[in-house]
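1. Could you look at this predicted model? Sequence included:
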Amino acid sequence: MLLSLRNVSKTYATPEGKIEVLKGIDFDLPAAQSVALTGESGSGKSTLLHLVAGLDQPDSGQILVAGRDIAGLGDRGRAAYRRSDVGLIFQQFNLIPSLDVAANISFHARLAGRQDTTWETQLIETLGLTSLMRRYPEQLSGGQQQRVAIARTLAARPALVLADEPTGNLDETTGDTVLGLMLSLTKSSGAALLMVTHSPRLALMLDGSVLLRSGRIA
Amino acid sequence: MYWAAATALLSHWRRHPVQLATLLLGLALATALWSGVQAINAEARASYGRAASVLDQNRLAQLVERDGDLISADRYALLRRDGWNVSPVIEGDVRFGRERIRLIGIDPLTMPPEGQSVETAEAQDLFDFLSPSGLLIVSPATAERLEGQTAMKLKISGQMPDGAAFADISIADRLLARNGGLSRLVVAPEQALDLGRLDQLAPGLTVRQAGDRPDVAQLTDSFHLNLTAFGFLAFAVGLFIVYAAIGLAFEQRRSTLRTLRALGLSLSAVTVTLMVEILVLALVAGLTGVVIGYGMASLLLPGVAATLRGLYGADVPGTLSLRPEWWATGLGMAIAGTMISSAQSLWRVRNMPLLATAQPRAWARASARSARFQLVAGLLLIAVALTLSFTGKGLAAGFGVLACLLLGAALLLPAILSGFLSIMQGRSSHPLAAWFWADTRQQLPGLSLALMALLLALAANVGVGTMVSSFRLTFVGWLDQRLAAELYVTARDEDEASRLRIWLMDRATTVLPIWNVEGEVLGETLQIYGVANDPTYRDHWPLLRGEKDVWDQIATGRGALVNEQLWRKKGVEIGDQLPLPGGWSVSIVGIYSDYGNPKGQVIIGIDKLAEHYPDVSRLRYGIRASPKAVPALKEQLTGEFRLPSENVVDQASLKQQSRGVFEQTFAVTGALNIFTLAVAGFAMFASLLTLSGIRLPQLAPVWSMGVTRRDLVAFEIARTLALWLATFIAALPVGLALAWVLLSIVNVEAFGWRLPMHVFPADWLQLGLVALAAAGLSILIPLRRLMAVGPSELLRTFANER
């Protein structure tokens, strides 16, 4: 199993008091599989994704990635994990504004020390980015930016791709095109995909889906 | 309605107190430096005016000899007999013990009331004033200096400028050994109608009109212009802070403005509310700035007074009076500066579409067009500076070169830095290094104003520092040449001087008279010195140029030396005949450097001096002796002649004193340099603080890809240091060019002498370290902010929900 969550809990302190966002989550994701994480607003989808991404730490429980528990890692360990093992795609694209498209795409792969120019070229061509390589993020449309974000993530060949509403900022047609490309490329790269989405329609396009309700898997 | 709108807009400052503090402090500092400098200038100018009015009676017309000679008593008597209502004045420098003061002898009985600025109206005062033992009217400070130095009675007057004394004309005649020769005649406003023609009665006399500007005011113009330039530079640097802070505040409140408009507030109501807000801020900061400026001026004034005394011999009191004109100007500058800095933001608000969205980075993102405009304008200004430096003439041209050079360099800086960062990015193979340079380049528009301010401050430091250090090095070498005698002795009277000469014959290798008279040469009152025919002068005197047998010609009375100031100012050349007081002339055979002296000077052979000016004061001597014998000789002189220690000064002490005066002279420049650098450091801090508030969305993606927060903090430090270092390196050539302009153009015009330029890399290193420390300080709070950012805040960049 590529990803296993065991009894994972997370609480946030707010001015109104503590909010228990995740309550003992158990969940498995096999390698090269795609699973949609669905649920209502506030159900804990993004928090779960951030914990798996190593961007945040659970209060309790284990997060095993390829058998290694990342929940107990320190700041440096989690940074190394993010660099080498996972790829993140966000709703707001989160490209690096100071780098052009070409530098943005190769950035993560070079950071992870496994740049593969043939694979990169293939991604660029498939995602239709060839003519945009010298542009900067602010000069791209939303759909173009998300395609660059996908290329950046997959160019690093992570074992696990985590996507948080990747089409949330795009219109339906563009969103479907982008998602289709993302799914096919993830599959061809052999990575597993965990994608947060509100949309049952999009969830159906993946291998499986998990529903979160009030911090628990329904 | 207005109050509701103001409440909404002002709530921004409640949520951003540091931004508010930055804005107020930036404006207050800028105003403080400007009004402080103006306070100093106003005080000095008032002092010159007072001195001119009291000492020179410049509110009245005066008669003087056209060739600068003294007016004979016969001529005065002739004019009086003809009915001319004129009053005689004798003036000159006189030494009381170790104190040298300017003595003005007047005749209180004939002096018109307009010329009697100091009261001698009381019967007892007038009696004392006219008594043979004499009365000196002096300022409190001069009275303190003269204590124990003279047996004459002193009367203290608060109206008297420091360093001068009024005495009866007969006393002045005796003390200055004028034998009836008068310096000038003051012309009373009321005159008889049937006066004889002046050119027939007294040919050679000329009228100096009332209200002429005092000499010292003209002399010090360049110094005050320098101070004003410094003050304006600091003010401009401060306005950069205001511009950046107001620009950001407006952009951050764009959504609030949009909401207010959507809720029915008219565009003019929004604009008026914003303008009132800006005015209130300007008033608060301006008043604070004026108060700080007053404190700063009080601290600096003693230093400035020392500078003016050292450079020009101008006496300015060391205490400051509260003048309405400067605090009103300071407040006006603060308001005008704030309005100018806010004009662009206000204009944007007026033209903002109702549905425009907030763009927190838009204010900082310079468009490619404006960057190109800056580049072209910068290049043009540098070209103008180059052209002016080779073709321009006069002080105005010198300051023109300085202004064009500094402004041009500042405008070019963003383009140069951008090019440098681009090259570094291209050369970086590691992705983080490439990101680092690219990200730094992206921060450039937001930091460029602060960096330009920093460039100006650093260049001013390098430039002025190079000038002062070059001056110091030249001055020290020049002192070694000029102060060649081992001991300098001043007798208290002529009898003592005669005994000293005889006594020293067996004990010293050589005794060199240091005698001088004051007179008008080529329309300027200056000192004429006599030198003995001695190897001391032949071997040591700092000649800039001269004929081959210059010293032989001086010794035989055929030649004269003029100092560099006189040579440059009057355009005289070697070989020219120089008319000297007393109706004789001599050929110019050489030019010598005479640093620190604002006036012209002439040197002739000692025999000629004694021949043409038999009444010359013969009190001072330079004594050549074996250095080992100096301490014993000094002891003997103070023991046998009971000379005060101040009257027997050895070479080392004199050099130390001169260097002390020199250091004090430039202390004020150093202080202003530090203030300007501090304002620039604050500008950088303000910009970094502003940027730190919008950095998270730029840093979060890099963090999400596996770069630790600690590494991001290290990158932020490196970025600030890299920009400071690059700006510092860019400031070096600008500073050296500035030094060249100061030394080769401004100083020559302002002081009359030209100095060789030296470079001092150790000073740059020191300045670099100071700049580094300032960089460290400027990033401290923004960095603390970044370090305190938890993962949850970074996650907010990615998440819309949990």
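-> Here it is on my side, so go on.

2. Look up the pLDDT of B:F798 for me, please.
-> Looking at B:F798, its pLDDT stands at 66.

3. roughly how far is stretch B:694-707 from the heart of the chain?
-> Its chain's C-alpha centre and that of stretch B:694-707 lie 49 Å apart, by CA atoms, centre = their mean, to the nearest Å.

4. which residues touch the residue lying closest to B:V186 once chain neighbours are set aside?
-> In space, B:V186 comes closest to B:S87 once its chain neighbours are excluded; the distance is 4.6 Å by CB to CB, 6 or more residues apart in numbering or on different chains. All C-beta atoms are positioned from the backbone trio N, CA, C, and that covers glycine. Neighbouring residues of B:S87 by CB atoms under 8 Å, 6 or more residues apart in numbering or on different chains: B:I106, B:D107, B:T110, B:M111, B:P112, B:G115, B:L185, B:V186, B:A188.

5. Let me know the next secondary structure element after the helix or strand B:S87 falls within.
-> Element membership for B:S87 (DSSP states H and E) is strand B:86-96. Per DSSP H and E, strand B:86-96 leads on to strand B:99-106 as the next helix or strand towards the C-terminus.

6. In contact with B:M424, which residues?
-> B:W437.

7. how far out from the middle of the chain is the helix or strand where it lies?
-> Using DSSP H and E, B:M424 sits within helix B:394-427. In terms of CA atoms, centre = their mean, the centre of helix B:394-427 is found 25 Å from the chain centre.

8. just stretch B:643-654 next, same as before
-> Taking mean C-alpha positions (CA atoms, centre = their mean), stretch B:643-654 and its chain are 31 Å apart.

9. One more: stretch B:439-454?
-> Relative to its parent chain, stretch B:439-454 has a centroid offset of 31 Å by CA atoms, centre = their mean.

10. Indicate whether that stretch makes contact with chain A.
-> Yes. Stretch B:439-454 reaches chain A (CB under 8 Å from any CB of the partner chain) through B:D439, B:R441, B:Q442.

11. doesn't the first one fall inside a helix?
-> Yes. Going by DSSP: H, G, I helix; E, B strand; the rest coil, the assignment for B:D439 places it inside a helix.

12. Wait, it touches B:R719, no?
-> Yes. Assessed by CB atoms under 8 Å, B:D439 is found in contact with B:R719 at 7.3 Å.

13. Looking at these two, which is more packed in?
-> B:D439 (23 against 18; other CB atoms under 10 Å in any protein chain shown).

14. measure A:V21 to A:L129 for me?
-> Separation of A:V21 from A:L129 (CB to CB, to the nearest Å): 36 Å.

15. what does A:R213 give?
-> 38 Å.

16. Those two: which has the busier surroundings?
-> A:L129 (20 against 12).

17. Next, give phi and psi for that one.
-> Main-chain torsions, A:L129, degrees, to the nearest 10: phi -110, psi 0.

18. From A:S184, how far out is it?
-> For A:L129, the distance to A:S184 - CB to CB - is 15 Å.

19. One more: B:G622?
-> Per CB to CB, B:G622 is found 100 Å from A:S184.

20. neighbour count winner among those two?
-> Each of B:G622 and A:S184 has its neighbours counted (other CB under 10 Å); B:G622 has more, 23 against 11.

21. Touching, B:T440 and B:L421? I think so.
-> Yes. Counting by CB under 8 Å, B:T440 touches B:L421, with 5.5 Å between them.

22. Mind checking what helix or strand follows the helix or strand of chain A with the lowest mean pLDDT in sequence?
-> The least trusted helix or strand in chain A, going by mean pLDDT, DSSP states H and E, turns out to be helix A:172-189, with a mean of 86. Next along the chain after helix A:172-189, taking DSSP H and E as the criterion, comes strand A:192-196.

23. Just say helix, strand or coil for A:A13.
-> strand.

24. actually B:V589, sorry about that
-> strand.

25. isn't it right up against B:I574?
-> Yes. Using CB under 8 Å, B:V589 is in contact with B:I574, at 6.4 Å.

26. what touches both of those two?
-> What both B:V589 and B:I574 touch, as defined by CB under 8 Å, 6+ apart, is the set B:G546, B:E547.

27. Looking at those two now, which is surrounded by more residues?
-> Counted by other CB under 10 Å, B:V589 and B:I574 do not tie: B:V589 has more neighbours, with 24 against 17.

28. Tell me what the spatially closest residue to that one that is not a sequence neighbour is bridged to.
-> Among residues not flanking B:V589 along the chain, B:G559 sits closest, at 3.3 Å (CB to CB, 6+ apart). Beta bridges link B:G559 to B:S587, judged by DSSP bridges.

29. B:G559 and B:V602 touch, don't they?
-> No. Look at B:G559 against B:V602 with CB under 8 Å: they stay out of range, at 10.9 Å.

30. confidence score at the residue lying closest to A:I124 once chain neighbours are set aside?
-> Using CB to CB, 6+ apart and skipping residues adjacent in sequence, the residue nearest A:I124 is A:T130, 5.7 Å away. With respect to pLDDT, A:T130 has a value of 94.

31. In which helix or strand does whichever residue of chain A sits closest to chain B reside?
-> Closest contact between chain A and chain B, by CB to the nearest CB, is at A:R83 (2.7 Å). A:R83 belongs to helix A:75-84 when assigned by DSSP H and E.

32. For that helix, which helices and strands make contact with it?
-> When contacts are defined as 3 or more CB pairs under 8 Å, 6 or more residues apart in numbering or on different chains; DSSP states H and E, helix A:75-84 sits against helix A:101-112, helix B:709-741.

33. Now with 7 Å, please.
-> Packing partners of helix A:75-84 (3 or more CB pairs under 7 Å, 6 or more residues apart in numbering or on different chains; DSSP states H and E): helix A:101-112.

34. what's the helix it packs on in contact with?
-> Helix A:101-112 has contacts (CB atoms under 7 Å, 6 or more residues apart in numbering or on different chains) with A:83-84, A:87, A:95-96, A:99, A:115-116, A:120, A:124, A:129, A:132-135, A:137, A:148, A:151-153, A:155-156, B:431-432, B:434-435, B:705-706.

35. Return a ChimeraX selection command for the buried portion of those.
-> Command for ChimeraX that selects the buried part of the contacts of helix A:101-112, burial taken from 16 or more other CB atoms under 10 Å in any protein chain shown:
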select /A:83,84,87,95,96,99,115,120,124,129,132,135,137,148,151,152,153,155,156 /B:431,432,434,435,705,706
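
36. and the contacts of helix A:101-112, which of them are in strands?
-> In strands, judged by DSSP state E, the following of these are found: A:G87.

37. Need the three-state assignment for B:L561.
-> For B:L561, the secondary structure call by three-state DSSP comes out as strand.

38. Now do it against chain A, distance only.
-> In this view, B:L561 and chain A are 66 Å apart by CB to the nearest CB, to the nearest Å.

39. Ignoring the adjacent residues along the chain, who's closest to that residue?
-> Closest to B:L561 by CB to CB, 6+ apart is B:I603, at 4.1 Å.

40. Kindly calculate the angle that the host helix or strand of that neighbour makes with strand B:559-563.
-> Element membership for B:I603 (DSSP H and E) is strand B:601-605. Here strand B:601-605 points in a direction 160 degrees away from that of strand B:559-563 (axes from the mean of the first three to the mean of the last three CA atoms, to 10 degrees).

41. mind listing what's buried in the least confident helix or strand of chain A?
-> Buried residues in helix A:172-189, counted by 16+ other CB under 10 Å: A:T174, A:G175, A:V178, A:L179, A:L181, A:M182, A:L183, A:L185, A:T186, A:S189.

42. and the last one, what is it in contact with?
-> So that's A:S189. A:L154, A:R157.
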